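>>> Make a model of this:
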Amino acid sequence: MKNRVQAFTEGIVLMVCPVLLAVAFKKADLKSNGKGKLVGVSISPLAAITLEAGLLPFLCLIVSDNHPPADGRLASLLFRASKLLVHLCGLLLMALSYILLLLIDMDKHLYFLAGLVLAPLVPITILRCYRSTRNGGEYDAAGIGYDEGALEKSVDFSVAVTTLLFLGLEGLALEGQNNGACHGRLERLFTASLGITYLACELGVFIMLRGTVPPQMNIQDDSTKICNDVVELLNVVLAVAIALVVVLIAAAQLREQAWLVFVPLILSFVVWMYRVLVGADGGREHAPGRAKQPASLELTKVTFTGFLAVAVPTFSNTAAGISIRGFVLLSAAAVISGLGWRLLTHRIATPSPAMVGAASVASFFAHLCVAAAVIPFSILAVSANSM
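Numbers count the residues shown, from 1 in each chain. Predicted structure coming up:
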């Protein structure tokens with residue numbers, strides 16, 4: 001469980017710290033727009049408490065692993081405390097994402113709809129917290145039939161994607177505070193981007209919790225396998241959600257051309273289908289039992305951050321030049337390709353040659369798009385320095 005909690009903790013730090021930085025450096029208007037004056041006093045303490053609640057579970061597990069062997073009760077207590085703090089952190093993160101929406105001046109009905117998203121997630125999370133904390137150190141995923149390696153991969157993926165979505169929500173919230181942010185078509189795109197990002201964030205937090213502290217199942221039936229399959233399906237839903245967010249944000253400047261970001265991913269699947277149908281494996285066979293590690297998402301994280309920094313302000317900048325449009329298109333395509341690369345290598349320990357070929361194509365296009373995006377990005381940097 002320590003590895004899963006460590007991934008959870010790292011994600012919380014990456015999600016919450018930008019909120020505290022935005023408040024500390026006065027990048028967020030906490031008084032004039034939306035319901036900012038109502039949450040201005042609470043957002044900083046809430047973010048700080050969320051950050052602490054995300055750090056403490058890992059500390060509890062470290063102490064639990066290094067306690068004196070004779071003191072089993074202390075280890076059990078710390079183990080329970082870590083699971084309690086993980087769920088508390090999840091609830092606080094859900095509340096923080098909702099408060100970010102309150103910083104934007106929107107119709108009150110939209111605030112109500114956003115609150116409805118929390119209606120099923122909060123009580124389910126509280127119930128899961130109660131059930132998980134009834135078990136002490138003797139209960140962990142490996143002891144109830146779960147594949148520990150698969151769980152760690154699932155948590156790593158859900159944490160990474162939820163972190164990206166949360167960064168997107170923060171960027172959109174700050175942009176939404178701009179009085180002249182968008183009108184007409186751009187306003188509709190902005191609202192859709194904000195709504196999907198918020199919904200995916202809340203769902204992502206729930207999936208993170210489920211992977212970090214999985215529910216106890218009856219190993220005599222297929223409950224564990226079904227649960228794993230459901231979570232993997234939800235991970236795919238998260239990937240689709242972030243892809244949709246990328247397209248909506250890119251469409252602010254690219255319009256219909258935003259759909260071009262899917263071309264590299266489509267080509268990857270074309271290669272996969274061709275090799276499956278034609279059997280063009282090149283005579284290469286993988287050694288039996290040769291495990292494959294899932295693709296790293298580090299490149300996707302960095303690229304998505306740059307994409308947000310350049311693309312989100314275009315909602316209020318209708319005169320963006322060709323360099324901005326080129327960078328938005330290429331970075332968005334790199335993000336989509338990176339996600340496809342990860343999904344193609346996510347759970348298959350010994351993938352087929354066709355899948356390996358498709359993953360290689362996705363990897364190639366992800367790196368190629370990043371390399372190409374450096375050119376317009378450099379032009380933007382030179383232009384900014386010359387102003």
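>>> who touches Ala119 in this structure?
Not one residue lies near Ala119 by C-beta atoms under 8 Å, 6 or more residues apart in numbering. For the C-beta atoms, the positions are set from N, CA and C on the backbone; glycine is no exception.
>>> So it versus Glu202, what's the distance?
11 Å (C-beta to C-beta, to the nearest Å).
>>> again with Phe364
As for Phe364, its distance to Glu202 is 34 Å (criterion: C-beta to C-beta).
>>> okay, the two: which has more neighbours?
Glu202 (24 against 15; other C-beta atoms under 10 Å).
>>> What is the three-state secondary structure of the residue nearest to the more buried one when sequence neighbours are not counted?
Nearest residue to Glu202 in three dimensions, chain neighbours excluded: Val117, at 5.3 Å (C-beta to C-beta, 6 or more residues apart in numbering). Per DSSP: H, G, I helix; E, B strand; the rest coil, the secondary structure class of Val117 is helix.
>>> which ones are touching Val117?
198-199, 202.
>>> Any figure for the gap between it and Tyr98?
8 Å.
>>> again with Glu202
Note on Glu202: its distance to Tyr98, by C-beta to C-beta, is 8 Å.
>>> Now do the shared contacts for these two.
Joint contacts of Glu202 and Tyr98 (C-beta under 8 Å, 6+ apart) are Leu118.
>>> ok so, going back, let me know the closest of the contacts of Val117 to Ile49.
Glu202 (18.4 Å; C-beta to C-beta).
>>> I figured the closest one was touching Leu118, is that so?
Yes. Between Glu202 and Leu118 there is a contact at 6.8 Å, judged by C-beta atoms under 8 Å.
>>> Now do the shared contacts for these two.
Met94.
>>> CA-only coordinates of stretch 371-385, as CSV, when you get a sec.
Output of stretch 371-385 as CSV, limited to C-alpha atoms (Å, rounded to 0.1, in the frame of the first residue of the first chain):
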residue,chain,number,x,y,z
ALA,A,371,9.9,18.2,-31.1
ALA,A,372,7.9,20.1,-33.7
ALA,A,373,6.1,22.2,-31.0
VAL,A,374,9.5,23.5,-29.9
ILE,A,375,9.7,25.6,-33.0
PRO,A,376,6.6,27.8,-32.5
PHE,A,377,7.3,27.8,-28.8
SER,A,378,10.8,29.2,-29.4
ILE,A,379,9.3,31.9,-31.7
LEU,A,380,6.9,32.9,-29.0
ALA,A,381,9.7,33.1,-26.5
VAL,A,382,11.8,35.3,-28.8
SER,A,383,8.8,37.5,-29.6
ALA,A,384,8.1,38.0,-25.9
ASN,A,385,11.7,39.0,-25.2
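>>> Contacts for it, please.
With C-beta under 8 Å, 6+ apart as the criterion, stretch 371-385 contacts 303, 306, 310, 322-324, 326-327, 330-331, 334.
>>> State the next helix or strand along the chain beyond the helix or strand where Ala22 lies.
Assigned by DSSP states H and E, Ala22 belongs to helix 2-24. Next helix or strand after helix 2-24 toward the C-terminus (DSSP H and E): helix 36-65.
>>> Distance from the chain centre to the helix or strand following that next one, please.
Using DSSP H and E, the next helix or strand after helix 36-65 towards the C-terminus is helix 72-102. Relative to the centre of its chain, helix 72-102 is centred 18 Å away, using C-alpha atoms, centre = their mean, to the nearest Å.
>>> Run through the neighbouring helices and strands of helix 72-102.
helix 2-24, helix 36-65, helix 108-133, helix 148-176, helix 185-212 (3 or more C-beta pairs under 8 Å, 6 or more residues apart in numbering; DSSP states H and E).
>>> Export these to TSV and append columns for mean pLDDT.
Listed next are the helices and strands packed on helix 72-102 as TSV, based on pLDDT from 0 to 100:
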stretch	mean pLDDT
helix 2-24	89
helix 36-65	82
helix 108-133	87
helix 148-176	88
helix 185-212	89
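>>> can you tell me which residues contact Leu299?
By C-beta under 8 Å, 6+ apart, Leu299 lies in contact with 334, 338, 366-367, 370.
>>> are any of those residues buried, and which?
Neighbour counting with 16 or more other C-beta atoms under 10 Å marks 334, 338, 366, 370 as buried within the contacts of Leu299.
>>> In which helix or strand does the first one reside?
Translated: Ala334. Counting by DSSP H and E, Ala334 is part of helix 322-344.
>>> Can you give me the domain boundaries for this structure?
As given by automatic domain parsing, the domain ranges for the chain are 1-216, 253-387.
>>> Can you tell me which of the contacts of stretch 371-385 has the most neighbours?
Ser331 leads these on contacts (other C-beta under 10 Å) with 30 neighbours.
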